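**Q** Sequence plus predicted model, see below.
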Amino acid sequence: MSSQRRRKQFQPTPEQTALAEHRKAKKQQIITDASQLQSVAERNHTIPPIAQRVWLPVHPPSRVQGCQIIKICTWNLLAQCLIRRDLFPTSDCLKAAQREHMLYYELLEVDADIICLQEVDRLEKLLPILEKAGYAHHYAAGPGKKHGCLIAFKKKLYNVLASRPVEYDTQEIRSDGNENARRGRSFTTRNIGSLILLESKIKENDGILVATTHLFWHPKQAAILFREVLKFRNDACCEGWPCIVGGDFNFAPDDPVYSLIVGDHLLPEQEERLTTSQVVHISVDPTGIPTIGTDEENEEGLDPDKFIINARPATCTDGLLSLTELVDVFSRLPQIKSVYDEGLGGIEAINRPRTFGHRVPISLTRRGRNEPEYTSYTHYWKTVLDYLFVLDPGDRPSKVIELLAPHKEETLKPGLPQKGVCSSDHILLAAIVCWEDPLH
């Protein structure tokens, strides 16, 4: 009897056969879509589906031998699951079918070695495109979120040595008090940072730490991110590797958090602005009585990653970092540089495109004035939110070789996303950066 059972072959039912055929056809369609979208640049070479941008030379490397040269980009894709018509009343390409070919074209046209993406969803469409273009990837999302952060890298250049997610809501910022006080939470955001160590396939014992994030506007999250970046690098004994942190930080260059990151002292008006973050949202303390904002005040265009409503003033038992503590946390970090602020600042003024400092007064002695004029431009908000930051090894300072030129404001009107311009409400940032080997 047992011998007969072994000889008996499995016979699928008609329903199972049909299901298998359906899955096979769906997989083949994904591959076909990837192939078609991969070649969109060639098919539409004469009429690009996006506004064209040029690369700006900044500091040509003095030599190539002994240099670690990386082309990297960061981009908030605008997750399809987050799109609402009322947030983008002037946009003409909010449906996936209208946007995605533009998105893939722009990603592939940059030809970056490393790609940092935020608000990534519809992975079943994106991943085949990246795979066909020669990229591997690492994806991470906050608990319960339908979109996340993705780091892609050219398979011929790197291997993943290690990865680490950072859930901001669960990170501790002090050792005393109860759990809430140790975490010092102001808001339950479910936001994360995604960190990976990429080992070079070209040069032995060389590599780079890459981090990407989509921050909630709050200084604590930025402090945690850079703290964990350094800890991750040190834990892996890779102190000689540079770090690049790209993402949507949800603060502008004149914001106190930006100043804290790049090492500028806080201005009095920035200190006053930080006091507005000393609140506890109802998502952390449901028993609290909302005193700042109401649901009715959540008007069109109000971005939940930049504004806190339904919150109460914080007390000392909530554990939020004081102004003095915040300054102390950031002061312990090594020098952090913005690639675009350094790069655009290194271009002669006569050749330099308009920057953030052209429309917002920032002292010549302070950093941030040379960030792009805009990195997010919609009907309701027009600002700078996206950055590429670098942390150099002590003996290998970075040099910006080239930058992808920011869009001019007239190109972005009346607001992104826009057919023939850009598929997201954010602008892709890209740069070529090098670190020279001190031994050469």
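**A** In hand now; what should we look at?

**Q** Mind jotting down where the helices sit in the stretch 251-400 of the chain?
**A** Here the stretch 251-400 of the chain has its helices, by DSSP state H, counting those that start in this stretch, at 256-262, 268-275, 323-331, 339-345, 356-359.

**Q** Redo those helices as JSON lines? Include mean pLDDT and mean neighbour count.
**A** Backbone N, C-alpha and C define where each C-beta goes, glycine included. Output for the helices of the stretch 251-400 of the chain, formatted as JSON lines (pLDDT from 0 to 100; neighbours: other C-beta atoms under 10 Å):
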{"stretch": "helix 256-262", "mean pLDDT": "97", "mean neighbour count": "23"}
{"stretch": "helix 268-275", "mean pLDDT": "92", "mean neighbour count": "13"}
{"stretch": "helix 323-331", "mean pLDDT": "93", "mean neighbour count": "16"}
{"stretch": "helix 339-345", "mean pLDDT": "98", "mean neighbour count": "24"}
{"stretch": "helix 356-359", "mean pLDDT": "97", "mean neighbour count": "18"}
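
**Q** Tell me the secondary structure at the residue lying closest to residue 351 once chain neighbours are set aside.
**A** Residue nearest to residue 351 in three dimensions, not counting chain neighbours: residue 56, with 7.8 Å by C-beta to C-beta, 6 or more residues apart in numbering. Look at residue 56: counting by DSSP: H, G, I helix; E, B strand; the rest coil, its state is strand.

**Q** Tell me the bridge partners for residue 56.
**A** residue 403 (DSSP bridges).

**Q** For it, the count of nearby residues, please.
**A** 19 (other C-beta atoms under 10 Å).

**Q** Check the one 5 residues further on too.
**A** Number of residues near residue 61 (other C-beta under 10 Å) recorded here: 15.

**Q** thinking again about what came up before, the residue nearest to residue 351 and residue 368: what is the separation?
**A** 19 Å (C-beta to C-beta, to the nearest Å).

**Q** before we move on, what about residue 228?
**A** Distance of residue 228 to residue 368, given as C-beta to C-beta: 24 Å.

**Q** try residue 382
**A** 17 Å.

**Q** Give me the more crowded residue out of the two.
**A** residue 368 (26 against 17).

**Q** Name the helix or strand for residue 98, please.
**A** Residue 98 is part of helix 96-110 when elements are defined by DSSP states H and E.

**Q** Residue ranges in the stretch 1-150 of the chain under the pLDDT threshold?
**A** By pLDDT under 70, the low-scoring segments of the stretch 1-150 of the chain are 1-10, 14-16, 18-20, 22-23, 25-46, 63-64.

**Q** mind listing the helices for it?
**A** Per DSSP H, counting those that start in this stretch, the stretch 1-150 of the chain carries helices over the ranges 2-7, 14-38, 40-43, 96-110, 123-132.

**Q** And for residue 146, the neighbour number?
**A** Quick note: residue 146 (other C-beta under 10 Å) scores 13 neighbours.

**Q** ok, it touching residue 121?
**A** Yes. Taking C-beta atoms under 8 Å as the definition, residue 146 is a contact partner of residue 121 at 5.8 Å.

**Q** Spit out the residues that contact those two alike.
**A** Shared contacts of residue 146 and residue 121, defined by C-beta atoms under 8 Å, 6 or more residues apart in numbering, are found at 79, 81.

**Q** Look up how far residue 331 lies from residue 71.
**A** With distances taken as C-beta to C-beta, residue 71 is found 32 Å from residue 331.

**Q** Ok, residue 232 next?
**A** From residue 232 to residue 331 the distance is 20 Å (C-beta to C-beta).

**Q** got the contact list for residue 336?
**A** Applying C-beta under 8 Å, 6+ apart, the residues near residue 336 are 226, 261-263, 389-391.

**Q** would you turn the residues you listed into a markdown table with distance to residue 285?
**A** Conversion of the contacts of residue 336 to a markdown table gives the following (distance: C-beta to C-beta, whole Å):
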| residue | distance to residue 285 |
| --- | --- |
| 226 | 27 |
| 261 | 28 |
| 262 | 33 |
| 263 | 34 |
| 389 | 32 |
| 390 | 38 |
| 391 | 35 |
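
**Q** Can you list which of these are found in strands?
**A** 389-391 (DSSP state E).

**Q** With neighbour count and pLDDT as new columns, can the residues you listed be given to me in a markdown table?
**A** As requested, the ones in strands among the contacts of residue 336 are exported to a markdown table (neighbours: other C-beta atoms under 10 Å; pLDDT from 0 to 100):
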| residue | neighbour count | pLDDT |
| --- | --- | --- |
| 389 | 24 | 99 |
| 390 | 24 | 99 |
| 391 | 21 | 98 |
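
**Q** and which of the residues you listed is nearest to residue 117?
**A** Relative to residue 117, the closest of the ones in strands among the contacts of residue 336 is residue 389; by C-beta to C-beta it sits at 16.2 Å.

**Q** Give me the spatial nearest neighbour of that closest one, chain neighbours excluded.
**A** Per C-beta to C-beta, 6+ apart, closest to residue 389 is residue 245, 4.4 Å.

**Q** what secondary structure does the one you found sit in?
**A** State at residue 245, reduced to three classes by three-state DSSP: strand.

**Q** which residues does it bridge with?
**A** Residues in beta-bridge contact with residue 245 (DSSP bridges): residue 211, residue 389.

**Q** Could you give the number of residues near it?
**A** Residue 245: 25 surrounding residues under other C-beta under 10 Å.

**Q** any idea how far residue 139 lies from residue 357?
**A** With the distance defined as C-beta to C-beta, residue 139 ends up 36 Å from residue 357.

**Q** residues in contact with residue 258?
**A** Neighbours of residue 258 in contact, by C-beta under 8 Å, 6+ apart: 249, 251-252, 367-368.
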